[in-house]
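Q: I would like to see how this sequence folds:
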Amino acid sequence: MSEWIDDVLLRGADDDICLHLPTGPVSRSALRRLVGEKQETLSAADLRPGGCAALNLPSSLTYIANLLAVWRIGAQAVLLDHRLTRYEVDAALERLGVQVVVATGHTKGSPLNVFHDVTDTVTVRDGRPAATPHAVLQLSSGSTGPSKVIGRTAADLVAEVERYTRIDGVPLSGERIILLSSMVHVLGLVGGLLYGLHAGVGLVPPRRLTGDSILEAVASDSTPATVLGVPFHIGLLNSVANPPKLAQLKRMTTGGELVPAAVSAAFGEKYGVPLGNMWGMTEVGVIATDLFGDHRPAVLPAPGIEVR
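A: Numbering: from 1, shown residues only. From the prediction side, this is the model:
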(Lines give C-alpha, C1' and ligand atoms only; values in the text may rest on other atoms or scores of the structure.)
Protein backbone atom coordinates (compact mmCIF):
# COMPACT_ATOMS: atom_id res chain seq x y z
CA MET A 1 0.00 0.00 0.00
CA SER A 2 2.88 2.40 -0.69
CA GLU A 3 0.56 4.53 -2.85
CA TRP A 4 -1.00 6.00 0.29
CA ILE A 5 2.01 8.25 0.82
CA ASP A 6 1.31 10.21 -2.35
CA ASP A 7 -2.48 9.86 -2.28
CA VAL A 8 -3.12 10.63 1.39
CA LEU A 9 -0.11 12.60 2.68
CA LEU A 10 1.82 14.35 -0.09
CA ARG A 11 -0.99 15.38 -2.43
CA GLY A 12 -1.51 19.13 -2.77
CA ALA A 13 -0.39 22.29 -4.53
CA ASP A 14 3.35 22.57 -5.09
CA ASP A 15 3.55 25.92 -3.28
CA ASP A 16 1.54 24.78 -0.24
CA ILE A 17 3.72 25.30 2.86
CA CYS A 18 3.31 22.19 4.97
CA LEU A 19 6.20 22.64 7.43
CA HIS A 20 7.05 25.96 9.08
CA LEU A 21 10.49 25.14 10.48
CA PRO A 22 12.97 27.32 12.38
CA THR A 23 15.28 26.87 9.37
CA GLY A 24 12.60 28.09 6.95
CA PRO A 25 9.34 27.02 5.30
CA VAL A 26 9.08 23.73 3.41
CA SER A 27 6.63 23.48 0.52
CA ARG A 28 4.95 20.29 -0.65
CA SER A 29 7.06 20.24 -3.79
CA ALA A 30 10.24 20.54 -1.70
CA LEU A 31 9.09 17.78 0.65
CA ARG A 32 8.20 15.49 -2.27
CA ARG A 33 11.64 16.11 -3.77
CA LEU A 34 13.41 15.36 -0.48
CA VAL A 35 11.37 12.18 0.05
CA GLY A 36 12.36 11.08 -3.46
CA GLU A 37 16.04 11.66 -2.68
CA LYS A 38 15.83 9.62 0.54
CA GLN A 39 14.00 6.90 -1.35
CA GLU A 40 16.88 6.65 -3.82
CA THR A 41 19.41 6.45 -0.97
CA LEU A 42 17.48 3.72 0.83
CA SER A 43 16.96 1.77 -2.38
CA ALA A 44 20.71 1.97 -2.99
CA ALA A 45 21.13 0.38 0.47
CA ASP A 46 19.02 -2.51 -0.91
CA LEU A 47 15.83 -1.66 1.01
CA ARG A 48 13.01 -3.30 -0.93
CA PRO A 49 9.23 -3.70 -0.63
CA GLY A 50 8.62 -5.92 2.36
CA GLY A 51 11.97 -4.97 3.90
CA CYS A 52 12.58 -3.58 7.38
CA ALA A 53 14.27 -0.25 8.19
CA ALA A 54 14.79 1.43 11.58
CA LEU A 55 14.81 5.18 12.13
CA ASN A 56 16.83 6.28 15.15
CA LEU A 57 16.39 10.02 14.66
CA PRO A 58 14.94 12.97 16.60
CA SER A 59 11.98 14.95 15.26
CA SER A 60 13.43 16.64 12.19
CA LEU A 61 12.97 17.16 8.47
CA THR A 62 15.46 14.30 8.03
CA TYR A 63 13.18 12.04 10.09
CA ILE A 64 10.04 13.01 8.14
CA ALA A 65 11.66 12.49 4.74
CA ASN A 66 13.15 9.12 5.66
CA LEU A 67 9.91 7.87 7.23
CA LEU A 68 7.86 8.74 4.15
CA ALA A 69 10.56 7.29 1.89
CA VAL A 70 10.56 3.95 3.77
CA TRP A 71 6.79 3.76 3.43
CA ARG A 72 6.90 4.83 -0.22
CA ILE A 73 9.25 1.93 -0.93
CA GLY A 74 6.71 -0.36 0.73
CA ALA A 75 8.99 -1.32 3.62
CA GLN A 76 8.32 -1.51 7.34
CA ALA A 77 9.52 1.40 9.51
CA VAL A 78 10.76 0.69 13.04
CA LEU A 79 10.66 3.91 15.09
CA LEU A 80 13.34 4.11 17.78
CA ASP A 81 13.39 7.09 20.12
CA HIS A 82 16.71 8.91 19.70
CA ARG A 83 17.04 9.04 23.51
CA LEU A 84 17.36 5.25 23.82
CA THR A 85 20.70 3.91 25.00
CA ARG A 86 23.04 2.15 22.60
CA TYR A 87 22.22 -1.13 24.34
CA GLU A 88 18.47 -0.60 23.90
CA VAL A 89 18.89 0.29 20.22
CA ASP A 90 21.10 -2.73 19.49
CA ALA A 91 18.68 -5.05 21.29
CA ALA A 92 15.74 -3.72 19.26
CA LEU A 93 17.63 -4.03 15.96
CA GLU A 94 18.54 -7.63 16.70
CA ARG A 95 15.11 -8.54 18.02
CA LEU A 96 13.32 -7.18 14.95
CA GLY A 97 15.83 -8.25 12.30
CA VAL A 98 16.29 -4.74 10.92
CA GLN A 99 18.04 -4.61 7.53
CA VAL A 100 18.77 -0.87 7.24
CA VAL A 101 19.34 1.68 10.01
CA VAL A 102 19.01 5.44 9.52
CA ALA A 103 20.63 7.27 12.43
CA THR A 104 21.85 10.75 13.29
CA GLY A 105 25.09 11.75 11.60
CA HIS A 106 25.66 15.39 12.51
CA THR A 107 23.39 17.65 14.54
CA LYS A 108 23.20 21.41 15.01
CA GLY A 109 21.54 23.41 17.74
CA SER A 110 20.61 22.85 21.36
CA PRO A 111 19.20 19.84 23.24
CA LEU A 112 16.31 22.18 24.10
CA ASN A 113 15.26 22.21 20.45
CA VAL A 114 11.86 20.66 19.76
CA PHE A 115 12.74 20.10 16.11
CA HIS A 116 16.31 19.29 15.20
CA ASP A 117 18.61 20.11 12.28
CA VAL A 118 20.40 16.82 11.62
CA THR A 119 22.05 14.86 8.86
CA ASP A 120 21.69 11.10 8.62
CA THR A 121 23.83 8.01 8.18
CA VAL A 122 22.54 4.84 6.54
CA THR A 123 23.91 1.49 7.71
CA VAL A 124 23.14 -1.90 6.17
CA ARG A 125 22.73 -4.83 8.57
CA ASP A 126 22.53 -8.57 8.08
CA GLY A 127 18.83 -8.58 8.88
CA ARG A 128 15.74 -10.14 7.39
CA PRO A 129 12.57 -8.96 5.62
CA ALA A 130 9.70 -7.74 7.75
CA ALA A 131 8.02 -10.63 9.57
CA THR A 132 4.58 -8.97 9.52
CA PRO A 133 2.64 -6.71 7.10
CA HIS A 134 2.69 -3.75 9.51
CA ALA A 135 3.81 -0.40 8.07
CA VAL A 136 5.19 0.82 11.38
CA LEU A 137 6.57 -0.80 14.54
CA GLN A 138 6.82 1.22 17.74
CA LEU A 139 8.14 0.26 21.16
CA SER A 140 6.21 0.91 24.35
CA SER A 141 7.94 2.95 27.05
CA GLY A 142 8.90 -0.09 29.12
CA SER A 143 7.83 1.71 32.30
CA THR A 144 5.84 -1.33 33.51
CA GLY A 145 8.11 -4.09 32.16
CA PRO A 146 9.93 -5.09 28.99
CA SER A 147 8.98 -2.95 25.99
CA LYS A 148 6.19 -4.26 23.81
CA VAL A 149 6.51 -4.15 20.03
CA ILE A 150 3.38 -2.51 18.64
CA GLY A 151 2.58 -2.83 14.93
CA ARG A 152 0.11 -0.88 12.81
CA THR A 153 -0.75 -1.38 9.16
CA ALA A 154 -0.94 1.34 6.52
CA ALA A 155 -4.72 0.85 6.37
CA ASP A 156 -4.94 1.38 10.13
CA LEU A 157 -2.92 4.61 9.95
CA VAL A 158 -5.04 5.91 7.07
CA ALA A 159 -8.21 5.06 9.01
CA GLU A 160 -6.95 7.02 12.03
CA VAL A 161 -6.06 10.03 9.89
CA GLU A 162 -9.60 9.92 8.45
CA ARG A 163 -10.97 9.62 12.01
CA TYR A 164 -9.20 12.85 12.93
CA THR A 165 -10.96 14.68 10.09
CA ARG A 166 -14.32 13.88 11.72
CA ILE A 167 -13.44 15.04 15.25
CA ASP A 168 -15.05 18.35 16.14
CA GLY A 169 -12.43 20.92 17.09
CA VAL A 170 -9.37 19.63 15.21
CA PRO A 171 -7.28 22.17 13.24
CA LEU A 172 -8.64 22.81 9.75
CA SER A 173 -7.01 23.37 6.36
CA GLY A 174 -5.06 26.63 6.35
CA GLU A 175 -4.58 26.59 10.13
CA ARG A 176 -1.49 25.54 12.09
CA ILE A 177 -0.46 22.96 14.67
CA ILE A 178 2.22 24.10 17.13
CA LEU A 179 3.73 20.64 17.47
CA LEU A 180 5.39 19.86 20.81
CA SER A 181 4.95 16.08 20.94
CA SER A 182 7.60 13.79 19.47
CA MET A 183 6.77 12.40 16.03
CA VAL A 184 8.24 9.05 17.11
CA HIS A 185 5.18 8.52 19.35
CA VAL A 186 1.57 8.20 18.29
CA LEU A 187 0.21 11.64 19.27
CA GLY A 188 2.88 13.58 17.40
CA LEU A 189 3.11 11.03 14.58
CA VAL A 190 -0.55 10.71 13.61
CA GLY A 191 -2.23 13.63 15.37
CA GLY A 192 0.50 16.00 14.25
CA LEU A 193 2.50 14.88 11.22
CA LEU A 194 0.19 12.55 9.29
CA TYR A 195 -3.04 14.44 9.97
CA GLY A 196 -1.36 17.78 9.25
CA LEU A 197 0.00 16.62 5.89
CA HIS A 198 -3.33 15.10 4.91
CA ALA A 199 -5.55 17.99 6.00
CA GLY A 200 -3.37 20.86 4.78
CA VAL A 201 -2.59 22.03 8.30
CA GLY A 202 0.87 23.59 8.65
CA LEU A 203 3.17 22.08 11.28
CA VAL A 204 5.08 24.63 13.37
CA PRO A 205 7.62 23.36 15.92
CA PRO A 206 8.85 26.12 18.25
CA ARG A 207 12.56 26.94 18.35
CA ARG A 208 12.97 25.89 21.97
CA LEU A 209 11.04 23.89 24.53
CA THR A 210 10.08 26.92 26.61
CA GLY A 211 6.81 28.73 27.23
CA ASP A 212 8.02 31.93 25.57
CA SER A 213 9.18 30.04 22.48
CA ILE A 214 5.83 28.25 22.16
CA LEU A 215 4.02 31.60 22.24
CA GLU A 216 6.50 32.98 19.72
CA ALA A 217 5.54 30.14 17.37
CA VAL A 218 1.84 30.93 17.82
CA ALA A 219 2.50 34.61 17.03
CA SER A 220 4.67 33.84 13.97
CA ASP A 221 1.68 33.89 11.61
CA SER A 222 -1.82 35.34 11.56
CA THR A 223 -3.59 32.01 10.97
CA PRO A 224 -5.32 30.12 13.82
CA ALA A 225 -3.03 27.85 15.82
CA THR A 226 -3.63 24.79 18.00
CA VAL A 227 -0.90 23.77 20.45
CA LEU A 228 -0.50 19.97 20.57
CA GLY A 229 1.40 18.43 23.47
CA VAL A 230 1.22 16.70 26.85
CA PRO A 231 0.57 18.06 30.38
CA PHE A 232 4.27 18.90 30.82
CA HIS A 233 3.88 21.45 28.03
CA ILE A 234 0.89 23.05 29.78
CA GLY A 235 3.23 23.67 32.67
CA LEU A 236 5.65 25.48 30.37
CA LEU A 237 2.89 27.80 29.16
CA ASN A 238 1.60 28.35 32.70
CA SER A 239 5.13 29.38 33.74
CA VAL A 240 5.02 32.47 31.48
CA ALA A 241 4.41 35.34 33.87
CA ASN A 242 2.51 37.77 31.64
CA PRO A 243 1.68 36.11 28.32
CA PRO A 244 0.49 38.37 25.50
CA LYS A 245 -3.09 38.08 24.29
CA LEU A 246 -2.77 36.19 21.03
CA ALA A 247 -5.83 36.15 18.77
CA GLN A 248 -4.22 33.31 16.79
CA LEU A 249 -4.29 30.90 19.75
CA LYS A 250 -7.36 28.72 19.14
CA ARG A 251 -6.84 26.01 21.76
CA MET A 252 -4.38 23.59 23.27
CA THR A 253 -4.95 19.84 22.99
CA THR A 254 -3.16 17.42 25.28
CA GLY A 255 -2.80 13.66 25.53
CA GLY A 256 -0.68 11.15 27.37
CA GLU A 257 -1.95 11.50 30.94
CA LEU A 258 -4.54 13.15 33.13
CA VAL A 259 -4.25 16.91 33.58
CA PRO A 260 -4.49 17.97 37.25
CA ALA A 261 -7.51 20.21 37.88
CA ALA A 262 -5.33 23.03 39.25
CA VAL A 263 -3.17 22.99 36.10
CA SER A 264 -6.24 23.10 33.86
CA ALA A 265 -7.76 25.96 35.84
CA ALA A 266 -4.52 27.97 35.75
CA PHE A 267 -4.27 27.53 31.97
CA GLY A 268 -7.87 28.65 31.40
CA GLU A 269 -7.42 31.71 33.60
CA LYS A 270 -4.16 32.70 31.90
CA TYR A 271 -5.05 32.08 28.23
CA GLY A 272 -8.84 32.04 27.99
CA VAL A 273 -9.00 29.33 25.30
CA PRO A 274 -10.19 25.71 25.46
CA LEU A 275 -7.82 23.10 26.87
CA GLY A 276 -8.81 20.03 24.91
CA ASN A 277 -8.32 16.49 26.13
CA MET A 278 -7.43 13.44 24.04
CA TRP A 279 -6.94 9.82 25.07
CA GLY A 280 -5.67 6.91 23.03
CA MET A 281 -3.23 4.03 22.81
CA THR A 282 -0.26 3.37 20.56
CA GLU A 283 -2.02 0.18 19.45
CA VAL A 284 -5.16 2.01 18.31
CA GLY A 285 -4.41 5.71 18.04
CA VAL A 286 -6.98 8.25 19.19
CA ILE A 287 -9.88 6.60 21.04
CA ALA A 288 -11.75 9.42 22.79
CA THR A 289 -11.62 13.21 22.93
CA ASP A 290 -13.04 16.36 24.48
CA LEU A 291 -11.39 19.11 22.47
CA PHE A 292 -13.54 21.87 23.97
CA GLY A 293 -12.80 20.91 27.58
CA ASP A 294 -16.51 20.63 28.36
CA HIS A 295 -16.40 17.27 30.17
CA ARG A 296 -12.98 17.21 31.83
CA PRO A 297 -11.75 14.75 32.90
CA ALA A 298 -14.24 12.62 30.91
CA VAL A 299 -13.85 12.06 27.17
CA LEU A 300 -16.26 10.87 24.47
CA PRO A 301 -15.54 8.14 21.88
CA ALA A 302 -14.00 9.44 18.67
CA PRO A 303 -15.97 8.96 15.43
CA GLY A 304 -15.90 5.33 14.31
CA ILE A 305 -14.73 4.02 17.69
CA GLU A 306 -16.93 1.61 19.62
CA VAL A 307 -16.03 1.37 23.30
CA ARG A 308 -16.98 -1.71 25.32
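
Q: from residue 59, how far off is residue 206?
A: Here residue 206 is placed at a distance of 12 Å from residue 59 (C-beta to C-beta, to the nearest Å). From N, CA and C alone the C-beta is placed, and that goes for glycine too.

Q: any shared contact partners between these two?
A: Common contact partners of residue 206 and residue 59 (C-beta atoms under 8 Å, 6 or more residues apart in numbering): residue 114.

Q: and residue 188, what does it touch?
A: Applying C-beta under 8 Å, 6+ apart, we find residue 188 in contact with 59, 179, 180, 181, 182, 228.

Q: now do residue 300
A: Residue 300 sits next to 288, 289, 290 when contact means C-beta under 8 Å, 6+ apart.

Q: thinking again about what came up before, closest one of the contacts of residue 188 to residue 147?
A: Residue 147 lies nearest to residue 182 out of those, by C-beta to C-beta, at 15.8 Å.

Q: excluding its backbone neighbours, what's nearest that closest one?
A: Spatial nearest neighbour of residue 182, excluding adjacent residues (C-beta to C-beta, 6 or more residues apart in numbering): residue 188 at 5.0 Å.

Q: quick check on that neighbour: phi, psi?
A: Main-chain torsions, residue 188, degrees, to the nearest 10: phi -70, psi -30.

Q: likewise residue 67?
A: Dihedral angles of residue 67 (phi, psi; degrees, to the nearest 10) stand at phi -60, psi -50.

Q: that one touches residue 55, doesn't it?
A: Yes: using C-beta atoms under 8 Å, residue 67 is in contact with residue 55, at 6.1 Å.

Q: what's the overlap in contacts for these two?
A: Common neighbours of residue 67 and residue 55, using C-beta under 8 Å, 6+ apart, are 77, 79.

Q: which ones are touching residue 121?
A: With contacts defined as C-beta under 8 Å, 6+ apart, the neighbours of residue 121 are 102, 103, 104, 105.

Q: over to residue 224?
A: The contact partners of residue 224, by C-beta under 8 Å, 6+ apart, come to 171, 172, 175, 176, 248, 250.

Q: how about a cut-off of 10 Å?
A: Shown in contact with residue 224 (C-beta atoms under 10 Å, 6 or more residues apart in numbering): 171, 172, 174, 175, 176, 201, 218, 247, 248, 249, 250, 251.

Q: among these, which are in strands?
A: Of these, the ones assigned to strands by DSSP state E are 176, 249, 250, 251.

Q: kindly reformat these as a markdown table and extend each row with neighbour count, distance to residue 75 and pLDDT.
A: Shown next, in a markdown table, are these (neighbours: other C-beta atoms under 10 Å; distance: C-beta to C-beta, whole Å; pLDDT from 0 to 100):
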| residue | neighbour count | distance to residue 75 | pLDDT |
| --- | --- | --- | --- |
| 176 | 24 | 31 | 98 |
| 249 | 22 | 39 | 98 |
| 250 | 21 | 37 | 97 |
| 251 | 20 | 37 | 97 |
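
Q: rebuild the residues you listed as TSV, extending it with distance to residue 302.
A: Below are the ones in strands among the contacts of residue 224 laid out as TSV (distance: C-beta to C-beta, whole Å):
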residue	distance to residue 302
176	22
249	24
250	19
251	17
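
Q: residue 80 contacts residue 89, doesn't it?
A: Yes: counting by C-beta atoms under 10 Å, residue 80 touches residue 89, with 5.8 Å between them.
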